[in-house]
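Peer 1: Fold the stuff below for me.
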Amino acid sequence: MTKMRTVDAAVAILAKEGAIEAFGLPGAAINPFYSAMREHGGIRHTLARHVEGASHMADGYSRAKDGNIGICIGTSGPAGTDMITGLYAAWADSIPMLCITGQAPVAKLHKEDFQAVDIESIAKPVTKMAMTVLEPGQIPGAFQKAFQLMRSGRPGPVLLDLPFDVQMAEIEFDIDTYEPLPVEKPKASRKQLDKALDMLTAAQHPLIVAGGGVINASASAQLVELAELLNVPVIPTLMGWGSIPDDHRLMAGMVGLQTSHRYGNETMLASDFVIGIGNRWANRHTGGLDTYTSGRKFVHIDIEPTQIGRVFSPDLGIASDAGAALDGLLELARERKAAGTLPDYSDWVAECVLRKGSLQRKTHFENVPIKPQRVYEEMNKSFGKDTTYVTTIGLSQIAGAQMLHVFGPRKWINAGQAGPLGWTGPAALGVVRGKPDETVVALSGDYDFQFMIEELAVGAQFNLPYVHVVVNNSYLGLIRQSQRGFKMEQNVSLAFENINSPETKGYGVDHLKVAEGLGCKAIRVEDPSDLSAAFDKAKALMSEFNVPVVVEVILEKITNISMGTEINAINEFEEVAAQGADAPTAIIAMLD
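Peer 2: Residues are numbered from 1 along each chain as shown. Next comes the predicted model:
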């Protein structure tokens with residue numbers, strides 16, 4: 001056995017577990033851990049400007065690629081509390097992420113020492129495990145358990161809090177004999193899946209709802225294969241978007257109150273059976289449960305047993321990893337196809353395709369200031385199928401989900417449930433770390449962009465290039481729209497006359513100057529006819545300078561984006577598409 005500091009053992013464990021990408025800020029209470037990373041040399045560290053930003057970078061890195069676990073590191077006290085929003089975003093969307101904090105020495109934990117806070121208690125509600133390690137000998141086991149928990153069942157984040165004296169203590173440890181603990185995932189039985197398939201094939205208009213669990217299980221290919229074998233349309237959730245490509249004939253659109261397609265909602269309402277795989281029945285997807293569930297039966301397959309029945313009771317619930325369930329369903333479906341017992345759903349699929357080619361929203365507007373719909377139309381034209389989009393919340397995200405196109409898993413990266421403003425920029429940097437050779441495009445409203453704008457400097461310092469599209473209407477647009485029900489417009493305007501930048505014409509913050517001051521490149525667009533050239537220029541600047549490039553689009557100040565309170569009662573505030581020219585980048589061209 002070899003005697004070493006606990007932090008040297010911890011860093012060796014990180015490398016053996018395959019977690020070699022860290023984001024954080026050093027500080028006095030975590031310096032021993034940083035010295036161990038320096039000595040080891042195998043953990044790449046990206047210096048953030050804010051610890052919350054570091055947590056979102058680690059989150060984005062985890063989401064970027066199958067098997068990734070991002071690491072967020074900070075000192076004691078406020079560094080840990082700054083991580084809480086990042087932990088919540090990861091926990092809410094089932095993302096594995098490891099947060100590591102420094103802490104005051106064990107003997108001083110009850111003495112109100114400088115920057116000593118009970119981060120274990122604070123973090124517990126938004127983690128799978130939060131632990132202040134009080135004994136040096138517990139370090140290997142704590143890290144070993146953390147990795148097992150992050151990967152087992154419903155994935156999620158963990159926080160390990162390391163007192164200074166525990167970090168400095170020496171223990172006997174042999175990395176060669178260290179082994180990761182087995183990952184625990186429930187698996188559906190043949191009998192359960194047989195019943196689920198019996199219920200599906202008894203229906204006339206069945207649907208598969210694919211949630212984020214399909215992507216977490218790296219099972220998108222199996223999902224598509226099953227849908228093709230059964231010839232059954234697929235409705236991806238917001239977190240499952242990309243599990244089946246948008247241009248696949250069986251991709252029937254998204255459903256919901258906000259991030260949904262007109263044709264997706266209509267197809268859901270026309271269905272009589274739904275099998276949900278790896279999804280949560282989130283309220284923005286379902287809307288009112290009476291409308292959502294009426295007239296159809298449900299099977300719910302989820303890795304977390306307590307998730308089944310949480311929102312409504314399905315006709316059949318199965319606790320299983322999505323990948324294991326899809327593998328089992330595929331085996332059964334192949335047997336039934338060989339026996340000639342699968343129903344023919346061609347007419348039902350044709351109905352869904354017809355809706356997809358007709359129930360569309362208009363995107364082609366020539367207005368100045370620019371309507372947001374036109375921005376997404378031009379993004380569809382300018383960015384290819386390999387593009388990964390990163391966004392969080394706001395009218396920008398809602399309209400983007402309605403009008404952009406996604407062609408594969410992990411190409412729509414969205415803090416879906418927590419939706420913290422400021423997440424987009426730092427998360428995009430983490431995604432670039434995880435996908436260094438792919439095109440990454442972030443989408444923000446002006447307020448989301450301003451929340452953690454300082455992290456642009458991280459992209460410039462570490463050469464993490466991506467395009468950040470900022471749709472600027474100088475408003476908290478989603479909140480303004482929600483205030484309509486209160487007959488008010490209170491504290492939502494961001495506009496002011498910028499005495500240093502009159503060229504912003506009353507829109508307030510000069511994002512170009514700020515971005516350039518932080519070492520990035522920036523372009524402002526005020527006419528829709530200039531959007532295509534601006535996106536081309538952004539790609540060229542990104543390639544030439546290897547830094548983030550901001551494309552700020554000046555929008556009309558007030559646009560109400562389609563949404564409602566029930567999936568059968570969505571308010572279409574703008575005119576819908578009536579001919580192909582109204583929606584030229586629609587997946588299926590509308591017939592004139």
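Peer 1: Now for the chain, the helix or strand with the poorest mean pLDDT.
Peer 2: Across the helices and strands of the chain, mean pLDDT, DSSP states H and E gives its lowest value to helix 477-482, namely a mean of 84.
Peer 1: list the buried ones in that helix?
Peer 2: Buried residues in helix 477-482, counted by 16 or more other Cβ atoms under 10 Å: 477, 478, 480, 481. Yep, even glycine has a C-beta here, placed from its N, CA and C like the rest.
Peer 1: do stretch 534-542 as well
Peer 2: By 16+ other Cβ under 10 Å, the buried positions in stretch 534-542 come out as 534, 535, 537, 538, 539, 541, 542.
Peer 1: State which helix of the chain is the longest.
Peer 2: Among the elements of the chain assigned as helix by DSSP state H, the one spanning the most residues is helix 322-339.
Peer 1: which element follows that helix toward the C-terminus?
Peer 2: Using DSSP states H and E, the helix or strand that follows helix 322-339 towards the C-terminus is helix 346-356.
Peer 1: hang on, residue 109 packs against residue 163?
Peer 2: Yes - between residue 109 and residue 163 there is a contact under Cβ atoms under 8 Å: 7.1 Å.
Peer 1: Between the two, point out the one with more neighbours.
Peer 2: More crowded of residue 109 and residue 163, by other Cβ atoms under 10 Å: residue 163, with 25 against 17.
Peer 1: Can you tell me the centre-most residue of the protein?
Peer 2: Note on the chain: the residue nearest the mean C-alpha position is residue 414, at 2.7 Å, using Cα atoms, centre = their mean.
Peer 1: Which elements pack onto the longest helix of the chain?
Peer 2: Applying 3 or more Cβ pairs under 8 Å, 6 or more residues apart in numbering; DSSP states H and E, one finds that helix 322-339 makes contact with helix 190-201, helix 212-216, helix 220-230, strand 273-277, strand 297-302.
Peer 1: Direction included, what does the following helix or strand past the last one pair against?
Peer 2: Right, the one you point to is strand 297-302. Next along the chain after strand 297-302, taking DSSP H and E as the criterion, comes strand 316-319. Looking at strand 316-319 with DSSP bridges, its partner strands are strand 297-302 (parallel).
Peer 1: Give me the contacts around the partner strand.
Peer 2: Strand 297-302 is contacted from outside by 154, 188, 196, 199-200, 203, 211, 213, 272-281, 307-309, 312, 314-320, 322, 325, using Cβ atoms under 8 Å, 6 or more residues apart in numbering.
Peer 1: Give the rounded mean pLDDT of it.
Peer 2: Mean per-residue pLDDT for strand 297-302: 98.
Peer 1: angle of that strand against helix 322-339?
Peer 2: 130 degrees (axes from the mean of the first three to the mean of the last three Cα atoms, to 10 degrees).
Peer 1: Work out for me the element residue 444 sits within.
Peer 2: strand 440-445.
Peer 1: Just the C-alphas of that strand, formatted as PDB.
Peer 2: Taking Å, rounded to 0.1, in the frame of the first residue of the first chain, the C-alpha atoms of strand 440-445 are listed here in PDB:
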ATOM      1  CA  VAL A 440     -22.600  24.600 -30.700                       C
ATOM      2  CA  VAL A 441     -25.200  27.400 -30.900                       C
ATOM      3  CA  ALA A 442     -26.600  29.000 -27.700                       C
ATOM      4  CA  LEU A 443     -30.000  30.800 -27.700                       C
ATOM      5  CA  SER A 444     -30.800  33.500 -25.100                       C
ATOM      6  CA  GLY A 445     -33.100  36.400 -24.500                       C
END
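Peer 1: other SSEs contacting it?
Peer 2: By 3+ Cβ pairs under 8 Å, 6+ apart, strand 440-445 packs against strand 388-391, helix 395-403, helix 424-434, strand 467-472.
Peer 1: what about the stretch 1-150 of the chain, any weak spots by pLDDT?
Peer 2: 1 (pLDDT under 70).
Peer 1: who wins for proximity to residue 182 among the helices and strands packed on helix 322-339?
Peer 2: helix 212-216 (17.9 Å; Cβ to Cβ).
Peer 1: Which strands and helices lie in contact with that closest one?
Peer 2: helix 322-339.
Peer 1: Now tell me what touches the helix it packs on from outside.
Peer 2: Under Cβ under 8 Å, 6+ apart, the answer for helix 322-339 is 185-188, 190, 193-194, 196-197, 201, 211, 213-214, 216-219, 222-223, 225-226, 229-230, 277-278, 301-303, 318, 320, 342.
Peer 1: Just the buried ones from these?
Peer 2: Applying 16+ other Cβ under 10 Å to these flags 185-186, 188, 193-194, 196-197, 201, 211, 213-214, 216-217, 219, 222-223, 225-226, 230, 277-278, 301-303, 318, 320, 342 as buried.
Peer 1: shaky segments in this protein?
Peer 2: For the chain, the stretches with pLDDT under 70 are 1, 592.
Peer 1: change it to 80
Peer 2: 1, 477, 591-592 (pLDDT under 80).
Peer 1: Could you list which of the buried residues of stretch 534-542 belong to helices?
Peer 2: 534, 535, 537, 538, 539, 541, 542.
Peer 1: Go through these and say which is closest to residue 207.
Peer 2: The closest of these, once distances to residue 207 are taken by Cβ to Cβ, is residue 535, at 35.0 Å.
Peer 1: Please compute how far the strand or helix carrying residue 83 lies from its chain's middle.
Peer 2: Taking DSSP H and E as the definition, one finds residue 83 inside helix 78-92. Here the centre of helix 78-92 is set off from its chain's centre by 15 Å, with Cα atoms, centre = their mean, to the nearest Å.
Peer 1: tell me which residues in it are buried?
Peer 2: Buried residues in helix 78-92 (16+ other Cβ under 10 Å): 79-92.
Peer 1: how about those, which pair is most distant?
Peer 2: For the buried residues of helix 78-92, and using Cβ to Cβ, no pair is farther apart than 79 and 92, which are 21.2 Å apart.
Peer 1: where along the stretch 1-150 of the chain do the strands fall?
Peer 2: 2-5, 21-24, 44-47, 70-74, 97-103, 129-132 (DSSP state E, counting those that start in this stretch).
Peer 1: Dump these into TSV; add mean neighbour count as well.
Peer 2: Formatted as TSV, the strands of the stretch 1-150 of the chain follow (neighbours: other Cβ atoms under 10 Å):
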stretch	mean neighbour count
strand 2-5	16
strand 21-24	27
strand 44-47	17
strand 70-74	29
strand 97-103	29
strand 129-132	20
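Peer 1: Make TSV out of those and add distance to residue 565.
Peer 2: Output for these, formatted as TSV (distance: least, Cβ to Cβ, whole Å):
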stretch	distance to residue 565
strand 2-5	57
strand 21-24	39
strand 44-47	42
strand 70-74	36
strand 97-103	34
strand 129-132	37
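Peer 1: how many other residues sit next to the closest residue to residue 7 other than its chain neighbours?
Peer 2: Leaving aside its chain neighbours, residue 7 sits nearest to residue 36 (3.8 Å; criterion: Cβ to Cβ, 6 or more residues apart in numbering). The tally of other residues near residue 36 (other Cβ under 10 Å) stands at 21.
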